[in-house]
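>>> Pasted the sequence and its predicted model underneath.
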Amino acid sequence: MDSMRIVVAGATVSTYETLAALIRHGADVVGVLQLRGESSHTVTGFAKLDELASPHEIPCATFRNINDAEIVEQVRQWQPDLMFVVGLSQLVRAEMMAIPPRGCVGFHPTFLPAGRGRAPLAWLTLDAQPGAATFFLIDEGVDSGPIFVQETFEVSPEDYAADVGRKLVIATKVALDRWIPELLSGVWNPRPQDEVLATYNGRRNIDDGLLDWNQSVDHVHSLIRATSNPHPGAYTWYLGRKLIVWQDELEKHLPWRGAVGRVLHVEPERGALVQVSDGLLWLTQVQFSDEAEPRSAETVLKVGIKLGFVVQDEVAALRARVDALEARLSKLEARGDC
């Protein structure tokens, strides 16, 4: 059979691994589309695909929007039979999807049909649910097309987001090495997803990382890990400054008790012990948002300080300031100064 002409598009480590596997198995990759470097700050796990494509003399074009007219025309000129769109949050429009006769292959790191949608690594880490490197045929839905291959991996409650990312890379390599030889030999048998089992995750924003010490210690522990690098981090407020919490450990043995959100103890090599609603948590690595580097928590936090804002106290303080300003304004008006 004639070789299948393939184009790869994307922006992340998953895209890089896909391109590497296709090259490794001798696929006819006729072009690569890479998100432009100035947009890399919008992507978690950005990877430079041109560094892999260039040594193999594979043409590489860059884009801001994959649906731009010049990018669509470039893909037409490459005349692909199949296109991989991996590690890209932009939706590929019908005009682009119609170019390759075989369609477009997508990628998602959950055990589809569960976990469709946004921020999959953060949700996997938060829920400590198994993930899967899943390659599927893109259709008009959200991560809903028939599946070519899935390779599952476990997620532990002690995993940070970066740990889950590393497990995903391993699973991606395994999935591709199992499936690509079949694809190149002409096997084409994607299986439909079971819509009854479909679940969807929404996008996550930076403020979703706000720590609420009144929630369960298990939830706070999971949130710190789910929002850790390469994500923006979970955070609280300490003496009026935003404090990012990068690392933590559960404390299950000390018979201590204190007010929720208060620092109870600091200890070298352990960090700062904080009371959560139903348990204790060691904060081990923290970083003020206006500082460049993280620090050990015991060098930052002081015993007795309460983390976060107490809404009633803040409202009362603001009210006192307003009252003082109104009193001052009344005096100025009485003197005729305004």
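Received the coordinates, thanks.
>>> As a check, name the ranges of all helices in the stretch 201-338 of the chain.
217-226, 311-335 (DSSP state H, counting those that start in this stretch).
>>> What is the distance between the longest one and the centre of its chain?
Spelled out, that is helix 311-335. Counting by CA atoms, centre = their mean, to the nearest Å, helix 311-335 is centred 44 Å from the centre of its parent chain.
>>> same check, this time on the first one
On the basis of CA atoms, centre = their mean, helix 217-226 sits 15 Å off its chain's mean C-alpha point.
>>> where does this structure have low pLDDT?
1-2, 38-42, 337-338 (pLDDT under 70).
>>> Could you chop it up by domain?
For the chain, automatic domain parsing gives the domain ranges 5-201, 208-310.
>>> Of all these, which one is nearest residue 332?
domain 208-310 (29.3 Å; CB to CB). To be clear about C-beta, it is placed using only N, CA and C from the backbone, and glycine gets the same treatment.
>>> thinking again about what came up before, could you dump the domains of the chain to JSON lines with mean neighbour count and distance to residue 327?
Formatted as JSON lines, these follow (neighbours: other CB atoms under 10 Å; distance: least, CB to CB, whole Å):
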{"stretch": "domain 5-201", "mean neighbour count": "18", "distance to residue 327": "47"}
{"stretch": "domain 208-310", "mean neighbour count": "17", "distance to residue 327": "25"}
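>>> In contact with residue 103, which residues?
82-83, 97, 137-138 (CB atoms under 8 Å, 6 or more residues apart in numbering).
>>> again, but for residue 214
Per CB under 8 Å, 6+ apart, neighbours of residue 214: 260-261, 277.
>>> same deal with residue 108?
115-116, 120, 134, 136, 143.
>>> what about it, helix or strand, and which?
strand 104-110 (DSSP states H and E).
>>> chain center to that strand, what's the gap?
15 Å.
>>> Could you list the paired strands of it along with their orientation?
strand 82-86 (parallel), strand 131-137 (antiparallel) (DSSP bridges).
>>> and of these, who's closest to residue 174?
Taking those one by one with CB to CB, strand 131-137 is closest: 7.4 Å.
>>> Just after the closest one, pick out the following helix or strand.
Immediately after strand 131-137, counting by DSSP H and E, sits strand 147-153.
>>> Now do that following strand: which elements does it pack against?
strand 131-137, helix 161-184 (3 or more CB pairs under 8 Å, 6 or more residues apart in numbering; DSSP states H and E).
>>> Can you give the contact residues for it?
By CB under 8 Å, 6+ apart, strand 147-153 touches 105, 111-112, 130-137, 167-168, 170-172, 174-176, 178-179, 183, 190-191, 193.
>>> do that again at 7 Å, thanks
For strand 147-153, the external contacting residues (CB atoms under 7 Å, 6 or more residues apart in numbering) are 111-112, 130-137, 167-168, 171, 174-175, 178-179, 190-191, 193.
>>> One more: stretch 5-23?
27-35, 43, 45-47, 49, 52-53, 56, 66, 75, 78-88, 107, 169, 172-173, 176-177, 180.
>>> about what we covered before: tell me which of the contacts of residue 214 is nearest to residue 60?
residue 261 (50.6 Å).
>>> Contacts only, for the closest residue to that closest one other than its chain neighbours.
Using CB to CB, 6 or more residues apart in numbering and skipping the chain neighbours, the partner closest in space to residue 261 is residue 213 (3.8 Å). For residue 213, the contacting residues are 220, 260-261, 276-277, 307-308, by CB under 7 Å, 6+ apart.
>>> Quick check: the gap between residue 213 and residue 200.
Distance of residue 213 to residue 200, given as CB to CB, to the nearest Å: 29 Å.
>>> Ok, residue 90 next?
On the measure of CB to CB, residue 90 and residue 200 end up 19 Å apart.
>>> Please apply the same query to residue 11.
23 Å.
>>> List the residues that contact the spatially closest residue to residue 280 that is not a sequence neighbour.
Leaving out its chain neighbours, the residue that sits closest to residue 280 by CB to CB, 6+ apart is residue 251, at 3.9 Å. Residue 251 is in contact with 273, 280-282, counting by CB under 7 Å, 6+ apart.
>>> same deal with residue 161?
By CB under 7 Å, 6+ apart, the contact set of residue 161 is 121-122, 125, 225-226, 228-231.
>>> if we go to 6 Å?
Residue 161 makes contact with 121, 125, 228, 231, according to CB atoms under 6 Å, 6 or more residues apart in numbering.
>>> Go through those residues and name the one nearest residue 163.
The closest of the contacts of residue 161, once distances to residue 163 are taken by CB to CB, is residue 125, at 8.0 Å.
>>> Report the separation between residue 88 and residue 192.
23 Å.
>>> Highest mean neighbour count across the helices of the stretch 201-338 of the chain, which stretch is it?
helix 217-226 (a mean of 22; mean count of other CB atoms under 10 Å).
>>> Does anything pack onto that helix? Which helices or strands?
helix 120-127, strand 241-251 (3 or more CB pairs under 6 Å, 6 or more residues apart in numbering; DSSP states H and E).
>>> at 7 Å what do you get?
helix 120-127, strand 241-251, strand 279-288 (3 or more CB pairs under 7 Å, 6 or more residues apart in numbering; DSSP states H and E).
>>> In TSV, list these along with distance to residue 323.
TSV is the format used below for the helices and strands packed on helix 217-226 (distance: least, CB to CB, whole Å):
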stretch	distance to residue 323
helix 120-127	43
strand 241-251	26
strand 279-288	32
